[in-house]
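Student: next one to model:
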Amino acid sequence: MKVISRFLREQQRYKKDELASIFECDDGNIELFLRILKAYNILKTVKNDVEQRDMTELVDEDVQIADETADNSEYLYVFVYVGVIAIGHRILKIYPKYLLSDDEPIDEMRQALKVLEKYSNSEEQIVNLYNGDGDNRTFNLLAVILFLLHDYYEYGLYSNTEDIIEVNGEGEILWEKTIDENFPLISSGRPYYMEMFTKKLEDDEEDYFRILHQIILTDCFRQLEESQLTELFEMEPLCLSEKNIDELGEQDYILNRIIGELSIQFNTRKQVLLKTLYAYISQRRRMLDVTDGISMFGTTAFNLVWEKVCADVFNNQLQSKLGTLAMPKQLAEGYSPGDKLIDIIDKPKWVGNDYVKTARDTFIPDIITFEDNLFIILDAKYYNLQMEKDKSLRGQPGIESITKQYLYQLAYREFVGKHGFTRVKNCFLLPTEKAEIVDKGYVELSILYSLGLENIAVRLLPAKRMFECYITGKKINIKKLSL
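Tutor: From the prediction side, this is the model:
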């Protein structure tokens, strides 16, 4: 069956007939296609009007509950997802919304997938085996394939070692066997052995699970290749076996062998790998099989990814303990070295007639960082901002974001004053496909500015450079923001 692999832009408004044309669907198929995407919260619908056609953001109140059989002109369809989705033989490559100049930004999409991979990886190496829940729960084959291939590129093949005994080898000397089975030469009352038995550990090339791993990895690469995704995920050609999984036994036999191996393996990586191989075998799915539901690698919350990227690249100190911070002055009396910067912000107190209750939640800034005597409060905003002289203002952060950014400064005012900071700087950080940082000016709310609070600078950051730094663990000097 022909693979239909297409690029789409996050939060762009599409008509139903546009999507039908892009994915070569007839009327019945496009309605099923849209229904599946909506069931997994990947696709939203809005009214087809002038205001929505000009919008670059999507807010909850815009979303409509639409019947997929509705007339083509009644609704617009919006993807709220960044990543790759496979639905049968149709592959969706949804790139971030700030990429406006190229309809097929393959290099930027590759980089975004690397960022997503780093963002989603946890120390526990949990594999997201399923998408959705309830009736929408489906095996996430793409995520499993990517995990297995990345695991192989990093750690290699599954291995069990075997003891090999050699004569005069380079391994550990087996003295007991050497003494028992050899005659020594005696010189000056001391025994000398001309031949010594030695032991070395060597990977068992014929180990059942090593062979199973080779077969599955080869099958994974073939599926990714058939789905036209090897270039996007930058996978090197991989063919480790010409065998078929069925040559190792029936499905139940293979699964029971894996369960047996799990019971004797206590290495965390081996356990995760064996469990993932078990899932792959138990499902026996093909990515391009139209009956297999949906597989995906990506997120419906790329805003959280952008926040994480900015926090890492600008060295966020919000969760740092006060005793570890390099400030202009030593920690003042009344502050505990074990407390964190986040702990300084007041929490609401609910006062009754004879009691006081403190709420758990309060304001939480995105990023706090320092530069010399500057105390800097940054807020990562995943918006497409249009702030031009001859154009209408749109795609800007809302009033809640603006007021909170002022209030963060108010919350830290006393701390700033006691620790030698001479200025506070506020800034919104938004992504752009441009190559350099863009100074867009600032936003002012007079009622709060009149309290002596700093206005909020607005900077567009080159997403490509930000992502490169995030992937490689590099930092960007805060001075580059020219606050």
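Student: could you use CA atoms for every contact and neighbour count after this?
Tutor: Fine.
Student: neighbours of residue 115, how many?
Tutor: By other CA atoms under 10 Å, the residues close to residue 115 number 18.
Student: is it true that it touches residue 471?
Tutor: Yes. Between residue 115 and residue 471 there is a contact at 6.3 Å, judged by CA atoms under 8 Å.
Student: overlap in contacts, those two.
Tutor: Shared contacts of residue 115 and residue 471, defined by CA atoms under 8 Å, 6 or more residues apart in numbering, are absent.
Student: please, which helix or strand holds the closest residue to residue 262 other than its chain neighbours?
Tutor: Excluding the flanking residues, the one nearest residue 262 by CA to CA, 6 or more residues apart in numbering is residue 271, at 6.3 Å. Applying DSSP states H and E as the criterion places residue 271 in helix 268-283.
Student: what helices or strands is the helix or strand immediately after that helix in the chain leaning on?
Tutor: Of the helices and strands lying after helix 268-283 in sequence (DSSP H and E), the nearest is strand 294-299. Packed against strand 294-299 by the contact rule (3 or more CA pairs under 8 Å, 6 or more residues apart in numbering; DSSP states H and E) you find strand 82-87, helix 106-120, strand 130-131, strand 138-139, helix 141-155.
Student: let's see it at 6 Å
Tutor: strand 82-87, helix 141-155 (3 or more CA pairs under 6 Å, 6 or more residues apart in numbering; DSSP states H and E).
Student: so in that sheet, which strands flank that strand, and in what orientation?
Tutor: Sheet pairing of strand 294-299 (DSSP bridges) gives strand 82-87 (antiparallel).
Student: what are the buried residues along the strand it pairs with?
Tutor: 82, 83, 84, 85, 86, 87 (16 or more other CA atoms under 10 Å).
Student: what do you get for stretch 446-464?
Tutor: 448, 453-464.
Student: cool, and stretch 94-106?
Tutor: By 16+ other CA under 10 Å, the buried positions in stretch 94-106 come out as 94, 95, 96, 97, 98, 99, 104, 105.
Student: want to throw the residues you listed into TSV with pLDDT, distance to residue 190 and secondary structure?
Tutor: Formatted as TSV, the buried residues of stretch 94-106 follow (pLDDT from 0 to 100; distance: CA to CA, whole Å; DSSP: H, G, I helix; E, B strand; the rest coil):
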residue	pLDDT	distance to residue 190	secondary structure
94	97	77	strand
95	97	76	strand
96	96	77	coil
97	95	81	coil
98	95	81	coil
99	96	80	coil
104	94	79	coil
105	96	76	coil
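Student: between those, which is closest to residue 409?
Tutor: Closest approach between the buried residues of stretch 94-106 and residue 409, by CA to CA: residue 98, at 29.0 Å.
Student: what sits against that closest one?
Tutor: Taking CA atoms under 6 Å, 6 or more residues apart in numbering as the criterion, residue 98 is in contact with 384, 432.
Student: avg pLDDT for stretch 215-227?
Tutor: Mean pLDDT, computed over stretch 215-227, is 94.
Student: which helix of the chain spans the most residues?
Tutor: Ordering each helix of the chain by length in residues (DSSP state H) puts helix 208-226 first.
Student: and the closest residue to residue 474 other than its chain neighbours, how far is that from residue 387?
Tutor: Spatial nearest neighbour of residue 474, chain neighbours left out: residue 313 (6.6 Å); criterion: CA to CA, 6+ apart. According to CA to CA, to the nearest Å, residue 313 stands 25 Å off from residue 387.
Student: and these two? Which one has more around it.
Tutor: Using other CA under 10 Å, the more surrounded residue of residue 313 and residue 387 is residue 313, with 20 against 14.
Student: okay, that one: pLDDT?
Tutor: 96.
Student: I'd assumed residue 475 was in contact with it.
Tutor: Yes. Residue 313 is within contact range of residue 475, at 4.6 Å (criterion: CA atoms under 6 Å).
Student: confirm residue 471 sits in a helix?
Tutor: Yes. Assessed with DSSP: H, G, I helix; E, B strand; the rest coil, residue 471 lies in a helix.
Student: how close does it get to residue 363?
Tutor: In terms of CA to CA, residue 471 sits 29 Å off from residue 363.
Student: who has more neighbours out of these two?
Tutor: Legend: neighbour count by other CA under 10 Å for residue 471 and residue 363, higher for residue 471 (19 against 15).
Student: so which helix or strand takes in residue 430?
Tutor: strand 423-432.
Student: sheet partners, orientation included, of that strand?
Tutor: strand 374-380 (parallel), strand 456-462 (parallel).
Student: sketch out the strands for the stretch 301-450 of the chain, chain order is fine.
Tutor: 349-351, 356-358, 367-371, 374-380, 423-432, 438-443 (DSSP state E, counting those that start in this stretch).
Student: tally of neighbours for residue 155?
Tutor: 10.
Student: next, the buried residues of stretch 329-343.
Tutor: Quick answer for stretch 329-343 (16+ other CA under 10 Å): 331, 340, 341, 342.
Student: any idea how far apart the tips of that stretch sit?
Tutor: Termini of stretch 329-343 sit 19 Å apart (CA to CA).
Student: ok now it, how far from the chain's centre?
Tutor: 33 Å (CA atoms, centre = their mean, to the nearest Å).
Student: also stretch 281-292?
Tutor: With CA atoms, centre = their mean, you get 24 Å for stretch 281-292.
Student: equivalent analysis for stretch 98-109, please.
Tutor: The answer for stretch 98-109 is 19 Å, by CA atoms, centre = their mean.
Student: repeat for stretch 261-278
Tutor: Using CA atoms, centre = their mean, the offset of stretch 261-278 from its chain centre is 24 Å.
Student: sort out which residues of that stretch are buried, please.
Tutor: For stretch 261-278, using 16+ other CA under 10 Å, the buried residues are 262, 271, 272, 273, 274, 275, 276, 277, 278.
Student: what's next to stretch 323-338, contact-wise?
Tutor: So stretch 323-338 is contacted by 321, 322, 419, 420 (CA under 6 Å, 6+ apart).
Student: just the residues you listed now: which is nearest residue 248?
Tutor: Nearest to residue 248 among the contacts of stretch 323-338, with distances taken as CA to CA, is residue 321, at 54.7 Å.
Student: what is the burial count for residue 477?
Tutor: 11.
Student: list the backbone torsions phi and psi for the nearest residue to it once chain neighbours are set aside.
Tutor: Leaving aside its sequence neighbours, residue 477 sits nearest to residue 314 (CA to CA, 6+ apart; 7.2 Å). Main-chain dihedrals, residue 314, degrees, to the nearest 10: phi -100, psi 20.
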